[in-house]
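In: missing the sequence, but the structure's below:
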């Protein structure tokens, strides 16, 4: 999961641009949710999470702590967070399924090519076997005709 995808999901859910430089409560709450989701679903540092917003690591950490506190007292914020967390979790699961499917498709194509190569090799070996068998039969007839074998 990338922070850009999380940013887009949070923007769409709250119907605002969370990177807008304002201190209005809806933006602060949305950014705090973004910070916490990035912390949970990415391996980014606090500094990297706040980078796009011009925020430092302390601001991000404070936003996460404030969100935790708000969720203890405000069920609306807690529900918003849970909804977004579930959305991101489901997207992450879909991405894993897609990666697995892409891997299977590539493996199938490789195996299909291997089967084709083996079939061609098998046909060549059958042809060679037939030629050797025909040579052997001609020699057998020759040896029998001239009395070398009984």
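Out: That came through fine. As the structure is a computational prediction, the values presented were derived from the model and not from experiment.
In: most residues in a single helix of this structure, which one?
Out: Looking across the chain with DSSP state H, the single longest helix is helix 75-145.
In: average pLDDT across it?
Out: On average, the pLDDT along helix 75-145 is 89.
In: work out the gap between that helix and the centre of the chain.
Out: The chain centroid and the centroid of helix 75-145 are separated by 20 Å under C-alpha atoms, centre = their mean, to the nearest Å.
In: again, but for stretch 58-76
Out: That offset, for stretch 58-76, works out to 31 Å (C-alpha atoms, centre = their mean).
In: buried stuff in that stretch?
Out: By 16 or more other C-beta atoms under 10 Å, the buried positions in stretch 58-76 come out as 59-60, 63-64, 66-67, 70-71. The way it works is simple: take the backbone N, C-alpha and C, and place the C-beta from them, glycine included.
In: out of the residues you listed, the closest to residue 39 would be?
Out: residue 64 (6.2 Å; C-beta to C-beta).
In: which residues touch that closest one?
Out: Residue 64 makes contact with 32, 35-36, 39 under the criterion C-beta atoms under 8 Å, 6 or more residues apart in numbering.
In: so which helix or strand takes in it?
Out: helix 57-73 (DSSP states H and E).
In: what's the angle between that helix and helix 75-145?
Out: 110 degrees (axes from the mean of the first three to the mean of the last three C-alpha atoms, to 10 degrees).
In: center of the protein - which residue?
Out: Compute the mean C-alpha point of the chain, and by C-alpha atoms, centre = their mean the closest residue is residue 99, 3.7 Å away.
In: which one of the buried residues of stretch 58-76 sits closest to residue 13?
Out: Of those, the one sitting nearest to residue 13 (C-beta to C-beta) turns out to be residue 67, at 14.5 Å.
In: what's around the residue lying closest to the closest one once chain neighbours are set aside, how many residues?
Out: Counting by C-beta to C-beta, 6 or more residues apart in numbering, residue 67 lies nearest to residue 32, which is 3.9 Å off, once chain neighbours are set aside. Neighbourhood size, residue 32 [other C-beta atoms under 10 Å]: 24.
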